[in-house]
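Asks: no sequence on this one, just coordinates:
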């Protein structure tokens, strides 16, 4: 490299390295270090796995952990099932102005805060809410119906909140599928189902993977939706982290929880990439 | 024997505009039929109606004598080679070729055997496991054809499949396609805007313009006996002179061109009378060149002029000659014998041609030039 | 299943109905939030007690409107301040990263690229606590070593900005990189050929070309920062940004005041989105 470009290179590299090291890498290493220490006296710490033992020893923690993982996977699957036909419609069936209008309509709800969206579902679902009122008015219910504070409500909120992140990558990959390829599939004797299975889905795979990763991450790391829409028994793992850090001030255990969450998300993302043969660079970049 | 493909009064209207206007034709079994026309003339629309991707507004499409109007595209006994081939990028070569066989529910072993056989036939044995994007342009072409041919369709439709190839490969693939057609002994319906593709490969060519067939015939018919001004202008190169009829004697007429030249032409049976505006078409290769007028005594059209441009292009070299008394330029093919190799710009020269070679058509609103601006619907 | 493949009418109708239902589902929560901002009642719920502007302009208890509710106004200001900071940081770093990855070949490039993508697959709350833990480790270390008490490293707006920046930078990098990749480098060479210096060429040719992406990245960064909840929740100090302030109120029980704030947020976001779309159409 010439002198000038070398200087430019260093100038461009510095912010990247500062960002990644000071805000991503070192904090996570530090979090891990905190998670493997045990308080043995005032200001005195030993290295130990006590926090992780606590995690494995307490059924509530384990149960919440597993429940969060399973519900997040479920939310991802449901989001995909709902989003796919709509994305296909936008990408391949709608044309011209309708196409861009529908795509924009998909984006709009996500320009506003997740808090507002969750608030909207509260107004709809709660005992004094719109759905309950509607059911009574229609004579389908005797008194007020409480639809909030259960797992189904959480699921509705999670799916709603992550919808955009599934629709956008799906529309993008489906749009890149040439109509002629679909026509060729039919021309050679395929029907709707076989064209979907052998042509459309394989083509959309990168979009499906990247959408699923993002939706899964958002669900797993969600705090607002489970807190606001879930009931007493529907604990989310992020709520445990929050309470260890902010309420109990037990950072060591909280850091261990955080690390477990990170491990879980990395594992599932890695598994998803391995299973589909995609890479992180291609799906996210 | 019923024709493999028959279109009867086929018409397609898109809101307000008629893309295909009452077109009828039939294609004999085992023949190579081309539809040639400028982009936007409606040829793609015809093809998509035959394949089943568009419903005709009126008319009928029959394959082996049976109407297929109510048959969905995946059940029609026709297959299509798409313009950009539409090979499935998510599958390897063998899976591409075997796709239709899998749809037909053939047992795996038989599919594998047929795929190998097809690869053998297109001269690419053993590439079944390759990815589609590892193939060269010509290989993709052949795979796309094989993918259809394993299904043994009654008619194979080809939608300008050579358009994306470079010139050399295109020349090669023309011959290749003709061979493949003979090899598979299947009816090919080929659409193109490239006249040389149509002329070289086809048994029959339909020239299409503005939603209608102008003329259907063999390549020679179209070239030597064009029936309309459009065909005369579109197929092959021509000098084109608009003008007015001054005299008519039987088949022969005298034309005063708009730029002032007087030349003889032929009506070829068309009803023309004195005073009519006509266009005369003369092919550059029908015109002879000489340094001395005496050599051209046998021609009834002789014009003296000077060479204004030399368009050297090997065997297809031409010159432009300007009429001595002013007026237009005449494009003339140079004989390949080399006797004019030393010709230079500004040289005086005589050109001549037989009046029978001057093909005259009544002037219509259309000027016979392909309108390339409209995009193919 | 594209328009050129004939499909039974019933199937097309069912499909159309499904898509319609989907968009109703999308619009429903936002619509009720907006509608109940005008309910003349203490609660954002049925029954409908008539239309009122009080939740925007009211200045008497119990109906104090948004424009007279100081804590909410202050929270909006805080959010805007944080968002502007995040925009400046992440667009600057995103631009720098985009040029680095687009223009230079160096060892470890692909590793750095993957590292750059990582914040997208780390849950926001984990990003928050890791920065919280590290900054307090730093603060404690400084206190013990030098007796320095750096308040800036304690939960507060500075950490909130850093926390949001830590993942929004990835997004701005991706947005700007995508456009830079489409840039025809011969344009820059042409500028050099016409006598521009390398920096001038970038400034006069490349940066204007990138402008739609830069504006896009800025708008997205602003909105993401404004909306952010998870990371902010872990790093917030005494000055609560809007989402946190609203969350605290929502926990206590909601009033239509929150609907009014939400409606303003929607209007603001739509306006920003519109600006971005117009700008990109021009670009």
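Replies: Here it is on my side, so go on. Predicted model only: the values in this text are computed from it and were never measured.
Asks: Show me where chain B has its helices.
Replies: Secondary structure of chain B, counting by DSSP state H: helices at B:43-51, B:93-103, B:108-121, B:137-149, B:167-184, B:195-201, B:219-224, B:229-234.
Asks: Could you list the buried residues of the fourth one?
Replies: Along helix B:137-149, the positions that meet the burial threshold by neighbour count (16 or more other CB atoms under 10 Å in any protein chain shown) are B:138, B:139, B:140, B:141, B:142, B:143, B:144, B:145, B:146, B:147, B:148, B:149. C-beta here means a position set from N, CA and C on the backbone, and glycine is covered the same way.
Asks: what is the orientation angle of that helix with helix B:167-184?
Replies: Taking axes from the mean of the first three to the mean of the last three CA atoms, to 10 degrees, one finds that helix B:137-149 is oriented at 30 degrees with respect to helix B:167-184.
Asks: Up against chain A, what does chain B have?
Replies: Counting by CB under 8 Å from any CB of the partner chain, chain B comes close to chain A at B:51-53, B:72-76, B:78-80, B:82-84, B:86-91, B:99-100, B:102-104, B:147-148, B:151.
Asks: Is it possible to get TSV of the helices of chain B that adds mean pLDDT and distance to chain C?
Replies: Shown next, in TSV, are the helices of chain B (pLDDT from 0 to 100; distance: least, CB to the nearest CB, whole Å):
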stretch	mean pLDDT	distance to chain C
helix B:43-51	91	7
helix B:93-103	90	14
helix B:108-121	91	24
helix B:137-149	88	18
helix B:167-184	85	25
helix B:195-201	88	25
helix B:219-224	89	32
helix B:229-234	89	29
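Asks: In JSON lines: those helices, plus distance to residue C:247.
Replies: What follows is the helices of chain B, written out as JSON lines (distance: least, CB to CB, whole Å):
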{"stretch": "helix B:43-51", "distance to residue C:247": "56"}
{"stretch": "helix B:93-103", "distance to residue C:247": "53"}
{"stretch": "helix B:108-121", "distance to residue C:247": "59"}
{"stretch": "helix B:137-149", "distance to residue C:247": "57"}
{"stretch": "helix B:167-184", "distance to residue C:247": "65"}
{"stretch": "helix B:195-201", "distance to residue C:247": "69"}
{"stretch": "helix B:219-224", "distance to residue C:247": "78"}
{"stretch": "helix B:229-234", "distance to residue C:247": "73"}
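Asks: could the buried residues of helix B:137-149 be laid out in JSON lines, adding distance to residue A:235?
Replies: Listed next are those as JSON lines, based on distance: CB to CB, whole Å:
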{"residue": "B:138", "distance to residue A:235": "63"}
{"residue": "B:139", "distance to residue A:235": "59"}
{"residue": "B:140", "distance to residue A:235": "57"}
{"residue": "B:141", "distance to residue A:235": "61"}
{"residue": "B:142", "distance to residue A:235": "62"}
{"residue": "B:143", "distance to residue A:235": "57"}
{"residue": "B:144", "distance to residue A:235": "57"}
{"residue": "B:145", "distance to residue A:235": "62"}
{"residue": "B:146", "distance to residue A:235": "60"}
{"residue": "B:147", "distance to residue A:235": "55"}
{"residue": "B:148", "distance to residue A:235": "59"}
{"residue": "B:149", "distance to residue A:235": "62"}
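Asks: tell me the contacts of residue A:126?
Replies: A:132, A:146, A:147, A:148, C:45 (CB atoms under 8 Å, 6 or more residues apart in numbering or on different chains).
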